[in-house]
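Chemist: Next come a sequence and a model predicted from it.
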Amino acid sequence: MLMSSKNLAAVEIKAFVPARDFALSLDFYKALGFVCGWQSDGMAYFHHDGCSFLLQNFHVQEYTENFMMHLLVENADDWHRELLERGISEHFKVAISTPQDQPWGMRDFTLFDPSGVLWRIGQNLD
């Protein structure tokens, strides 16, 4: 712990998620249920409950293929079911895996966005 009279409290951390097709990625994240709080030509701020990220109109294939996001949710099966019901995979031509219990104590599934960013959406197991 830092010993100082200065206020060095961290408030939030956000990732800058790359987008190959910015308009398509905007639609994708809205379809997932994220709210676009603001956007410009080159960036958009998305949030859902207390989670947020910045979508950027920037794409380098090698970077995108190695980019991963993790969304911790209360119920991974409910999220998976909702994404299937919304037709996310078919509409955006993206892969969604089946939820599985993982050896690291989570139940999760994977979802690729239209640019190839890998999302792990999961819940902690008791």
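Modeler: Cool, got the structure.

Chemist: that's a strand at residue 46, yeah?
Modeler: Yes. Applying DSSP: H, G, I helix; E, B strand; the rest coil, one finds residue 46 inside a strand.

Chemist: For residue 70, see how far away it is.
Modeler: Per CB to CB, to the nearest Å, residue 46 is found 15 Å from residue 70. Where you see a C-beta, it was placed from the backbone N, CA and C, and this is true even at glycine.

Chemist: Between these two, which has more neighbouring residues?
Modeler: Neighbour count, other CB atoms under 10 Å: between residue 46 and residue 70, residue 46 has more, with 23 against 12.

Chemist: Any idea what that one is bridged to?
Modeler: On the basis of DSSP bridges, residue 46 is bridged to residue 36, residue 53.

Chemist: ok, it - contacts?
Modeler: For residue 46, the contact set (CB atoms under 8 Å, 6 or more residues apart in numbering) comprises 29, 34, 35, 36, 37, 52, 53, 54, 55.

Chemist: so can I have a markdown table of the residues you listed showing distance to residue 62, neighbour count and pLDDT?
Modeler: Output for these, formatted as a markdown table (distance: CB to CB, whole Å; neighbours: other CB atoms under 10 Å; pLDDT from 0 to 100):
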| residue | distance to residue 62 | neighbour count | pLDDT |
| --- | --- | --- | --- |
| 29 | 22 | 21 | 98 |
| 34 | 25 | 21 | 98 |
| 35 | 30 | 12 | 98 |
| 36 | 27 | 13 | 98 |
| 37 | 29 | 10 | 97 |
| 52 | 26 | 16 | 97 |
| 53 | 20 | 19 | 98 |
| 54 | 20 | 13 | 98 |
| 55 | 19 | 26 | 98 |
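
Chemist: chain center to stretch 68-87: distance?
Modeler: Distance of stretch 68-87 from the chain centroid (CA atoms, centre = their mean, to the nearest Å) equals 10 Å.
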